[in-house]
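Colleague: Would you be able to build a 3D model of this:
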Amino acid sequence: MTTNNIKKILIIRLSAIGDTIHTLPLLNTLRKQYPEAKIDWVVEDKASAFVIGNPLINNVYVIERKNRFQQYKKIINEIRKEQYDVVIDTQQLLKSAVIMGFSGAKRKIALDGGREFSYLFKNETVKTGKKFFDINFHVVYRNMEIAKYLGCKDLEINFVIPDFSDKISENIKEIINNLDKTRKTIVLSPATTWENKHWTIEGWSKIINELSGKYNIILTAGEKEKETINKITEKCPNADIINLTGKTSLEDLTYIYKNTDLTVSPDSGSSNIAWASNCRSIITLFFATSKNRTAPFGENYYSVSADINCAPCMSKHCKNKTKINSCKFTIEPEKIINIIKKVLQ
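Modeller: Presented below is the predicted three-dimensional model:
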C-alpha cells in the first residue's frame with residue numbers, strides 16, 4: 001500500500017446531515033496528512049451546507065436529490081477527467097458506490113461491510129473486523145480507520161465547518177444578542193426524521209414548564225415539524241419560550257448552537273450540528289439508535305439511552321407489536337431536568 005503519491009482525493013458522502021458531519025474529522029485528518037493534495041467531495045444538496053465553502057475542500061460536486069440519476073452521468077464524467085489517485089466511499093450504498101466504481105480512480109477504497117452490493121465497486125477494503133452497524137463502534141472512529149489506512153498520523157477528532165458569518169439571518173443574530181444575559185440559554189431541538197428517535201410530547205413540555213423563567217429557552221425545528229412543536233407548546237401555554245420553528249436555516253442553527261449554553265435533542269442532525277458548532281454542552285436522547293455509535297462526545301456532552309431490552313433496535317419502525325414505541329417512555333423528564341441543572345449550575 002503506497003501513500004506517498006496521493007495528490008488527488010475524492011470523498012463520497014452524499015447524505016444525511018449528521019452522517020456528513022461524522023465524516024468531517026476524516027476530512028480534517030486527510031488535509032493535515034496531505035496538505036498539498038487536492039481534496040474534493042461528492043454530496044447531495046440537502047447535506048451540502050457543511051461541505052460547500054469548507055476551507056479544507058478544493059471542489060464540491062453537488063447532486064440534486066430530486067434529479068439524482070439524471071446528473072450521475074455528467075458528474076461521473078467530470079470526476080473521470082480529474083484522474084483521482086484515491087476515491088473513498090464512506091456511505092457504502094449503491095448510489096455512492098456507483099460513483100466510486102466509475103470514477104476512473106486506481107484506488108477505490110471503502111470499509112468492510114456495506115449495503116446494496118456496494119462492496120462490488122471497491123478494490124481496496126479497510127478492515128475493521130466489525131459489523132457495518134456495530135452499535136458499539138462510533139461512526140466517527142469507523143471513518144477514521146480510513147485515515148489510518150492512508151497513513152495519517154494525527155488522528156485527533158476535530159470538526160472544521162465553513163464560515164457562515166455572511167449567511168446568518170440578521171433576525172437570528174438580534175434574537176441571540178438580545179437574550180437575557182442574567183440567564184443561561186437552553187436550545188431544545190425535539191424533532192427528527194425517524195419516529196423511533198422521538199421522545200414524548202409530555203417529556204419536552206415538562207422540561208419547558210419546569211425551567212421556564214429560570215433560563216432562556218429556544219425551540220428549533222424545521223417547517224415540516226411544526227405539528228410536533230405545536231403539540232409541545234400547547235402543553236405549556238404560559239411558558240416563556242422563543243419558538244424558532246421554521247425560521248432557521250442550517251447556517252442559522254450553527255450560530256444559535258455556538259452562542260448558547262446547552263442543546264437538548266434526540267439523536268438527530270440537530271445534535272450533530274451542535275457538536276460541529278462547538279456548543280458548550282449537549283444532552284442527546286437515544287431510543288432506537290445507539291449512543292455508542294452516533295452520540296456527540298467530549299467534555300460536558302451527555303447521552304441518555306432508553307432503558308428497555310429491545311433498545312437500541314436500529315430500526316426506523318418499532319418492531320414491538322404489543323407496546324409500540326414504548327422505549328420513549330423509559331426516559332423520565334426529571335432525569336433530563338436534573339442533568340440540565342447540573343450542567344448549568
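Colleague: Look at residue 227 and tell me its secondary structure.
Modeller: helix (DSSP: H, G, I helix; E, B strand; the rest coil).
Colleague: what separates it from residue 257, distance-wise?
Modeller: Computed with CB to CB, to the nearest Å, the distance linking residue 227 and residue 257 is 24 Å. For the C-beta atoms, the positions are set from N, CA and C on the backbone; glycine is no exception.
Colleague: same question, residue 12
Modeller: Counting by CB to CB, the gap from residue 12 to residue 257 is 27 Å.
Colleague: Could you do residue 122 as well?
Modeller: 35 Å.
Colleague: Looking at these two now, which is surrounded by more residues?
Modeller: Using other CB atoms under 10 Å as the criterion, residue 122 and residue 257 rank with residue 257 on top: 26 against 22.
Colleague: which element is the more buried one on?
Modeller: Per DSSP states H and E: residue 257 is located in helix 250-258.
Colleague: by contact count, what packs against the next helix or strand after that helix?
Modeller: Note on helix 250-258: by DSSP H and E, the next helix or strand toward the C-terminus is strand 262-266. Applying 3 or more CB pairs under 8 Å, 6 or more residues apart in numbering; DSSP states H and E, one finds that strand 262-266 contacts strand 185-188, helix 269-276, strand 282-286, helix 333-343.
Colleague: what's the angle from strand 262-266 to helix 250-258?
Modeller: Taking axes from the mean of the first three to the mean of the last three CA atoms, to 10 degrees, one finds strand 262-266 and helix 250-258 inclined to each other by 120 degrees.
Colleague: What is the distance between strand 262-266 and the centre of its chain?
Modeller: Strand 262-266 sits 13 Å away from the centroid of its parent chain (CA atoms, centre = their mean, to the nearest Å).
Colleague: Next, the angle from that strand to helix 333-343.
Modeller: Between strand 262-266 and helix 333-343, the angle comes out at 150 degrees (the same axes, to 10 degrees).
Colleague: Pull strand 262-266 out as PDB, backbone CA atoms only.
Modeller: Extracted C-alpha coordinates of strand 262-266, given in PDB (Å, rounded to 0.1, in the frame of the first residue of the first chain):
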ATOM      1  CA  LEU A 262     -26.900  23.900  26.200                       C
ATOM      2  CA  THR A 263     -28.600  21.900  23.500                       C
ATOM      3  CA  VAL A 264     -31.100  19.100  24.200                       C
ATOM      4  CA  SER A 265     -32.000  16.900  21.300                       C
ATOM      5  CA  PRO A 266     -32.800  13.300  20.300                       C
END
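Colleague: Sheet-wise, list the partners of that strand with their directions.
Modeller: strand 185-188 (parallel), strand 282-286 (parallel) (DSSP bridges).
Colleague: Can you add mean pLDDT and give those strands back as CSV?
Modeller: Converted to CSV, these look like this (pLDDT from 0 to 100):
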stretch, mean pLDDT
strand 185-188, 98
strand 282-286, 98
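Colleague: Highest mean neighbour count out of those?
Modeller: Highest mean neighbour count of the strands paired with strand 262-266: strand 282-286, a mean of 25 (counted as mean count of other CB atoms under 10 Å).
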